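In: Starting from these lines, generate the structure:
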Amino acid sequence: MYEKVNPCHPDKVADRIAGAIVDLAYQAEPNPKIAVEVLIGHGKCHAIIETTATIDKRAIDDAVHRIAGEMETDIVIVPQDAHLSENQQNGFRCGDNGIFKGMPVTEEQETLSAIAKHIYACNPSDGKYILDGKRLIICQSNALTDELITLYPGAEINPLGDWMGGTDVDTGATNRKLGSDMADSVTGGGLHGKDLSKADVSVNIYAFLKARRTGEPVELCCAIGDDIVDGKPYSEIVGIARDYIDSVGGFEKFAEWGLV
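Out: Numbering: from 1, shown residues only. Below is the predicted model:
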């Protein structure tokens, strides 16, 4: 059983905005420290940004409007906590405490991800999809039910009827759709709105990729300040995660679909 949401779901819009802000931080300096929380809905976008980087609020507004359309923005930028910043002064060390789990992706999860991306390519608006064995549930805004039935005969389509979706009828918040992004690998930490020093980003990505490569579950834990994780220098973990983020086109693009 697996649920997938597409990049126009309000929660994913919040993740994408957070990712775009992290991209701006990396444009400002090579190894910024940043943590972003976004709440969006009903014509307003609120963002709290803790960072070492200097980011122009106009660039943030531009990113919000590009991703979510015209709306009022409430942007708060504050320095990162001094203790957290000092932890990284002499090279990459683990930026947080946490437990992390990488799980191989199942055939069911691969199938639903492909269905979600196919529907989204035809209908780039808010949508959510569930696959439970042979039961496929499709909730897709701004799409005619009859057309969706033609694409996926036998699926349950828009149980309450055709709908509009989007941030005018729902709110979105950063890291609220981790099940969609990580499948069975979900633990306590969110993937989005953070720089690569944060274990929630780098160790989660590392564990997921290792599980996918080996076909075996991966369980890791770390403490803030650790410089070795899974027998590797933390800088190597960060490098693996950086390569992955670069391969998908940056943090904003990563936020569109997550890891699955």
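
In: tell me which residues in stretch 48-66 are buried?
Out: 48-53, 55, 60, 63-64 (16 or more other C-beta atoms under 10 Å). Heads up, the C-betas are built off the backbone N, CA and C, glycines and all.

In: For that stretch, give the mean pLDDT please.
Out: Averaged across stretch 48-66, pLDDT comes to 97.

In: Residue ranges in the stretch 1-150 of the chain under the pLDDT threshold?
Out: 85-90 (pLDDT under 70).

In: Show me what secondary structure element comes after the longest helix seen in the chain.
Out: Counting by DSSP state H, the longest helix found in the chain is helix 10-28. Next helix or strand after helix 10-28 toward the C-terminus (DSSP states H and E): strand 34-41.

In: Just want the angle from that following strand to helix 10-28.
Out: 150 degrees (axes from the mean of the first three to the mean of the last three C-alpha atoms, to 10 degrees).

In: Can you give me the buried ones in stretch 166-176?
Out: So stretch 166-176, judged by 16+ other C-beta under 10 Å, has buried residues 166-167, 172-176.

In: mind putting those residues in a markdown table, pLDDT and distance to Gly225 included?
Out: Formatted as a markdown table, these follow (pLDDT from 0 to 100; distance: C-beta to C-beta, whole Å):
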| residue | pLDDT | distance to Gly225 |
| --- | --- | --- |
| Gly166 | 90 | 42 |
| Thr167 | 92 | 39 |
| Gly172 | 98 | 33 |
| Ala173 | 98 | 29 |
| Thr174 | 98 | 25 |
| Asn175 | 98 | 23 |
| Arg176 | 97 | 29 |
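
In: Secondary structure added to those residues, as JSON lines?
Out: JSON lines is the format used below for those (DSSP: H, G, I helix; E, B strand; the rest coil):
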{"residue": "Gly166", "secondary structure": "coil"}
{"residue": "Thr167", "secondary structure": "coil"}
{"residue": "Gly172", "secondary structure": "strand"}
{"residue": "Ala173", "secondary structure": "strand"}
{"residue": "Thr174", "secondary structure": "coil"}
{"residue": "Asn175", "secondary structure": "coil"}
{"residue": "Arg176", "secondary structure": "coil"}
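
In: right, and out of those, which lies closest to Lys210?
Out: Taking C-beta to C-beta as the measure, Lys210 lies nearest Asn175 of these, at 21.8 Å.

In: isn't the closest one right next to Gly190, touching?
Out: Yes: between Asn175 and Gly190 there is a contact under C-beta atoms under 8 Å: 2.9 Å.

In: Of the buried residues of stretch 166-176, which is the nearest to Ile130?
Out: Arg176 (16.6 Å).
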